[in-house]
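**Student:** just the structure for this:
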Amino acid sequence: MQKREFTDLDDLRLIYRGNKILSDLFSKSIHSIRQLTVDDASAKGFYRFLQNERVSEENIVSNLSANCVAACKGKYVVCIQDTTEINLSSHINRINKDDDIGTTNAKNKKGLGFLLHPSLVLDATEGIPYGYADIKVWNRTLEFTSKHDRKYNTLPIEQKESYKWIEVSKNTKAVLADVVAGMVIVQDREGDIYEQFAVVPDIKTDLLIRARTNRTLTDRTKLFSCLSDVKPKGTYKLQVAAKKNRKKRTATIEIRFKEVGIRKTDAASKNAPATLKLNLIEAKEVGYEGMDKICWRLLTTIAVEDVEAAKLCIEWYSWRWTVEEVFKILKKEGYNIEASDLEYASSIRKMCLMIMEVVIKLFLMRIAYAEPELALSADNCFTKAEQEFLEKQIVNLEGKTEKQKNPYKTKDLKRYVWAIARLGGWKGYESKRYPGITTLWTGLKYFKAAYQGWEIMRDVSTR
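**Tutor:** Predicted coordinates for the structure are as follows:
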């Protein structure tokens, strides 16, 4: 795994400053520049970096993309897209109203901020996060304008906000096509756009998108009911975790699939082909009638010839939670970037991109621990000095019984993730749930405070 750092900016001093910011964002796990820096000079350097015109959003995304490319060479990858808004409405009287900020919530016309749409790249076999092939950052205008006023439905696809799905897919292909063995682009229902199925897939690129509309197919049947008379090709069990309005249960899922022909809609571009052949996969829960009953209908360009291929597609689609976790850590369950006290949206936008790169390390930590057979070096996340300090912490964190001992070897990332998780409140029992992203994020905050104290003690003792 490659280091996740800046390598290409106009000035070596900018590279140094950018990498120092990435390091502090990871180890201190906070967004406040005053808390990230140790003195006024460091704080000024941080502010200047974010406001420097030679460090554009494009520069940052390009460096993040290069890190991703270096990590995933020769791999088959899953590229997951989704959108989130950064709402800065609580700072409406403080933040500068410039070209980098606009309305975000069309329902009440009070939202103020911008939007992010990343293409998160994962290993198709192990789910290891490699980084971002592309991240689109944009904002709407400050004055709210409804779709009706903009005559949105008559606009060409390139002028619609929904073009983000196609644009980021094309950028992902451009970045990865000559690097990876192949890729499948995964999107939720909003990405179910006819033009995308027509222009994105190629010999190395497949689409896997949850169906949004009950299309009329080329054989005149409806998409959502065309599998109703098809016998299930297989079943499997799925553990459903409890959430708001969702019960914890073991779900039984029936799998059906078939090839379908879809027709161009009236709203589709004139130069789009009249029909397209796709594969439809249905994963439907049986024996349960709650409002949260599972029913996924997935459209894909992948050849689905047996139930194992269908199951693999369903698993890849379920990995969408990873990009949602990125957004959670970026926002209220982690760095809380929407509470930033920066005055310029351009600076907050750059900070968001840098935090998103840091979150990749958190995912590496979590996956390394959750997958016992996966071997990742501790050097992916911690320096030699930090590993030395964590070894001393492990002595204090281990309990008296064997079940409370750290079972991993030195240099294995899992060994140090164990220590960070313990600092974040995890009890250390292997029989319990693996530590989650939020636990690791909390543990890192305690780790950095203790590590700074250790560095001061070590420096004083050598004078």
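**Student:** what's the separation between residue 187 and residue 159?
**Tutor:** 20 Å (C-beta to C-beta, to the nearest Å). Quick note: C-beta positions are derived from backbone N, CA and C, even for glycine.
**Student:** which one's more surrounded, those two?
**Tutor:** Shown here are residue 187 and residue 159; by other C-beta atoms under 10 Å, residue 187 has more neighbours (23 against 10).
**Student:** bridging residues for the more buried one?
**Tutor:** residue 209 (DSSP bridges).
**Student:** quick check: it touching residue 81?
**Tutor:** Yes - if you go by C-beta atoms under 8 Å, residue 187 and residue 81 touch, sitting 5.0 Å apart.
**Student:** where along the stretch 101-250 of the chain do the strands fall?
**Tutor:** Taking DSSP state E, counting those that start in this stretch as the test, the strands found in the stretch 101-250 of the chain are 113-123, 129-138, 182-187, 205-210, 234-240, 249-263.
**Student:** which strands or helices does the second one pack on?
**Tutor:** Which is strand 129-138. helix 57-71, strand 113-123, helix 163-176, helix 345-370 (3 or more C-beta pairs under 8 Å, 6 or more residues apart in numbering; DSSP states H and E).
**Student:** residue 97 and residue 116, how far apart?
**Tutor:** Separation of residue 97 from residue 116 (C-beta to C-beta): 20 Å.
**Student:** the more surrounded of the two?
**Tutor:** residue 116 (20 against 11).
**Student:** which stretches in the stretch 301-450 of the chain count as helices?
**Tutor:** 307-318, 321-330, 345-370, 384-397, 413-423, 437-461 (DSSP state H, counting those that start in this stretch).
**Student:** among the ones you listed, which is the most enclosed?
**Tutor:** helix 413-423 (a mean of 24; mean count of other C-beta atoms under 10 Å).
**Student:** pLDDT weak spots in this structure?
**Tutor:** Counting by pLDDT under 70, the chain contains low-confidence residues at 1-2, 105-109, 148-149, 430-432, 459-463.
**Student:** returning to that earlier point: give me the common contacts of residue 187 and residue 81.
**Tutor:** residue 165 (C-beta atoms under 8 Å, 6 or more residues apart in numbering).
**Student:** just give the closest residue to residue 450, not the sequence neighbours.
**Tutor:** Counting by C-beta to C-beta, 6 or more residues apart in numbering, residue 450 lies nearest to residue 393, which is 7.1 Å off, once chain neighbours are set aside.
**Student:** now for the one you found: which residues touch it?
**Tutor:** 419, 423, 447, 450.
**Student:** can you tell me how far it is from residue 370?
**Tutor:** Residue 393 is 21 Å from residue 370, by C-beta to C-beta.
**Student:** now residue 165
**Tutor:** 30 Å.
**Student:** for residue 266, same thing?
**Tutor:** Counting by C-beta to C-beta, the gap from residue 266 to residue 370 is 47 Å.
**Student:** what are the contacting residues of stretch 198-211?
**Tutor:** 166, 169-170, 173, 177, 180-189, 191-192, 196-197, 223-224, 272-273, 276, 280, 296-302, 313, 316-317.
**Student:** list only buried entries from those residues.
**Tutor:** Among the contacts of stretch 198-211, those buried by neighbour count (16 or more other C-beta atoms under 10 Å) are 166, 169-170, 173, 180, 183-188, 191-192, 196-197, 223, 272, 276, 280, 296-302, 313, 316-317.
**Student:** now the helices for the stretch 1-150 of the chain?
**Tutor:** Using DSSP H, counting those that start in this stretch, helices in the stretch 1-150 of the chain cover 12-28, 33-36, 40-51, 57-71, 147-150.
**Student:** just those: most buried one?
**Tutor:** helix 57-71 comes out most buried of these by mean count of other C-beta under 10 Å, with a mean of 20.
**Student:** which helices and strands sit right next to that one?
**Tutor:** Partner elements for helix 57-71 (3+ C-beta pairs under 8 Å, 6+ apart): strand 129-138, helix 163-176, helix 345-370.
**Student:** make a markdown table out of these and add distance to residue 335.
**Tutor:** Below are the helices and strands packed on helix 57-71 laid out as a markdown table (distance: least, C-beta to C-beta, whole Å):
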| stretch | distance to residue 335 |
| --- | --- |
| strand 129-138 | 16 |
| helix 163-176 | 23 |
| helix 345-370 | 5 |
